[in-house]
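Participant: Could you work out the structure for the sequence below:
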Amino acid sequence: MEFVLGIVIIVILLLILGFGIDVIIFGFIVLITLATASSALFFVYFTVRLLISKKTQGTFTRVAKQEKWKYESAFYDIGDEELPNVFPAEFVMRDKIYHTDRTVKLRLDRRGKFVYDRNARMTILFGLPLCSALCGLCMMFFPYVVPVIG
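Facilitator: The predicted model follows:
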């Protein structure tokens, strides 16, 4: 709700300052394009890291907040070390997704000291094409909006 209120206030201030609605819409499309492009780059980075990671198996141990990041992550026991998942732990169906009694297939990133579980791989699998498609869709609007501004 605060986000919507903030957007409304910004749009009203821009209108008061003399910006036309066409410039505001163009700026909104540029911001959305930049956000989706940065998200796509985020997923490209983690896709490359996933592809060069090593296959391994591990056992889920716990969900806890990491020291490095501000979110809760699933931790897996791999041999003699406990490593976190790279993405945040699911909170909706946590008891159905994470089981302590089962060995799962993981991808180990030694450089980053984290693992990719099935949920992380699915996030990358769906996130990369979705963000790329949204970025491309937003860029398709540029030829239609730019002549209106000029």
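Participant: I'd like to know which elements the helix or strand where Leu5 lies is packed against.
Facilitator: Here Leu5, judged by DSSP states H and E, is contained in helix 2-16. On a contact count with 3 or more CB pairs under 8 Å, 6 or more residues apart in numbering; DSSP states H and E, helix 2-16 meets helix 21-51. (Glycine included, C-beta is placed from N, CA and C.)
Participant: got the buried residues for the helix it packs on?
Facilitator: Phe26, Gly27, Ile29, Thr33, Thr36, Ala37, Ser39, Ala40, Phe43, Phe46, Arg49, Leu50 (16 or more other CB atoms under 10 Å).
Participant: residues touching the fifth one, list them.
Facilitator: Shown here is Thr36, whose contacts under the criterion CB atoms under 8 Å, 6 or more residues apart in numbering are Cys131, Leu134, Cys135, Cys138.
Participant: Quick check, Leu83 in contact with Gly112.
Facilitator: No - in this structure, Leu83 is not within contact of Gly112 by CB atoms under 8 Å, at 9.3 Å.
Participant: more crowded one of the two?
Facilitator: Leu83 (23 against 15; other CB atoms under 10 Å).
Participant: Nearest spatial neighbour of the more buried one, chain-adjacent residues omitted?
Facilitator: Among residues not flanking Leu83 along the chain, Val115 sits closest, at 5.1 Å (CB to CB, 6 or more residues apart in numbering).
Participant: A strand includes the one you found, no?
Facilitator: Yes - assigned with DSSP: H, G, I helix; E, B strand; the rest coil, Val115 falls within a strand.
Participant: I'd like to know which helix or strand in the chain has the lowest mean pLDDT.
Facilitator: Counting by mean pLDDT, DSSP states H and E, the chain has its least confident helix or strand at helix 94-97, which shows a mean of 76.
Participant: Can you pull the phi/psi pair for the closest residue to Tyr116 other than its chain neighbours?
Facilitator: Closest residue to Tyr116 apart from its sequence neighbours, by CB to CB, 6+ apart: Arg107 at 4.1 Å. Main-chain dihedrals, Arg107, degrees, to the nearest 10: phi -120, psi 130.
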